[in-house]
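**Q** Provided below for reference: sequence and predicted model.
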Amino acid sequence: MLLFVLNTLNLFAHYYFSSKNDSSWYNAGLLLPDLLRIFTHKQQLQIIKNSSYESKIFNDLKDGVKRHLRDDSIFHNWEWFLTKNEELLLKLRKSKLDFKRDWILSHIFIEMVIDSYLSENYFSKIDKMYEDLLNCNLLNWKLIFENCNLKNFHYFESGYNNFQKIKYIYKYKDESAIIYSLNRIYESTGIGKFNQKQNDYLLILLKEIIPVIEYKITELKEILK
């Protein structure tokens with residue numbers, strides 16, 4: 001889980017910045033590296049990248065995956081992200097609230113705040129993301145799994161269906177949902193939940209960074225072109 005946490009620009013941000021009109025499988029590929037790890041217990045994409053399986057939808061999917069990996073690399077080397085990450089880390093440590101593995105927290109905090117801002121301001125884009133995933137039927141997903149020797153399709157199918165049913169991306173506009181999600185991530189890694197003082201401090205940091213995110217989105221969009 002830690003490897004997943006540290007190698008992803010969050011789901012909706014990938015879709016917002018890089019999706020294409022009328023290309024559902026490409027757009028699904030933008031999300032696949034994260035969805036595959038989440039739904040099938042950290043399964044990696046090496047098999048997909050090396051597969052000789054060919055079809056129009058699979059080639060579109062692979063192109064989307066390539067764009068996801070490219071965007072992650074650019075984002076994690078973005079000067080503002082590196083600077084803000086270090087700044088947040090120092091604030092967490094100066095708070096003396098004993099945040100465990102604070103270097104992980106500062107990293108994912110920025111990514112989730114970006115998703116929070118985008119979710120609040122681009123609801124129609126969220127609609128389109130879920131519409132694209134709905135267009136990618138599970139029979140084709142099953143063929144891709146079989147031809148690429150990917151494992152645990154039943155886990156992927158269950159997670160994929162739940163992801164579309166719950167539609168949690170819509171909730172990311174709420175500050176409390178971001179704090180809740182941070183807690184869930186920490187619980188899933190075995191670190192444990194934040195206490196009330198830690199939750200309150202994270203909420204303060206969230207309120208501080210949101211106005212900055214608003215004008216940095218334009219810069220990020222430009223460098224990801």
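**A** Done, it's in.

**Q** show me what counts as buried in the longest helix seen in the chain.
**A** As assigned by DSSP state H, the longest helix anywhere in the chain is helix 196-223. For helix 196-223, burial by neighbour count (16 or more other C-beta atoms under 10 Å) applies to 198, 199, 201, 202, 205, 206, 209, 210, 213, 216, 217, 220. Yep, even glycine has a C-beta here, placed from its N, CA and C like the rest.

**Q** can you tell me the element residue 158 falls in?
**A** Using DSSP states H and E, residue 158 maps to helix 153-166.

**Q** which of the residues in that helix are classified as buried?
**A** For helix 153-166, by 16+ other C-beta under 10 Å, it's 153, 156, 159, 160, 163.

**Q** who touches it?
**A** 35-36, 38-41, 130, 133-134, 138, 141-142, 145-146, 150 (C-beta atoms under 8 Å, 6 or more residues apart in numbering).

**Q** now the following helix or strand past it - C-alpha only, PDB.
**A** Later in the chain than helix 153-166, the nearest helix or strand by DSSP H and E is helix 175-188. Presented in PDB, the C-alpha positions along helix 175-188 are these (Å, rounded to 0.1, in the frame of the first residue of the first chain):
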ATOM      1  CA  GLU A 175     -13.300  19.000   3.700                       C
ATOM      2  CA  SER A 176     -14.400  16.400   6.100                       C
ATOM      3  CA  ALA A 177     -14.300  13.800   3.400                       C
ATOM      4  CA  ILE A 178     -10.600  14.500   2.800                       C
ATOM      5  CA  ILE A 179      -9.800  14.100   6.500                       C
ATOM      6  CA  TYR A 180     -11.800  10.900   6.500                       C
ATOM      7  CA  SER A 181     -10.000   9.500   3.500                       C
ATOM      8  CA  LEU A 182      -6.600  10.300   5.000                       C
ATOM      9  CA  ASN A 183      -7.600   8.300   8.000                       C
ATOM     10  CA  ARG A 184      -8.700   5.400   5.800                       C
ATOM     11  CA  ILE A 185      -5.400   5.400   4.000                       C
ATOM     12  CA  TYR A 186      -3.500   5.400   7.300                       C
ATOM     13  CA  GLU A 187      -5.600   2.600   8.700                       C
ATOM     14  CA  SER A 188      -5.100   0.500   5.500                       C
END
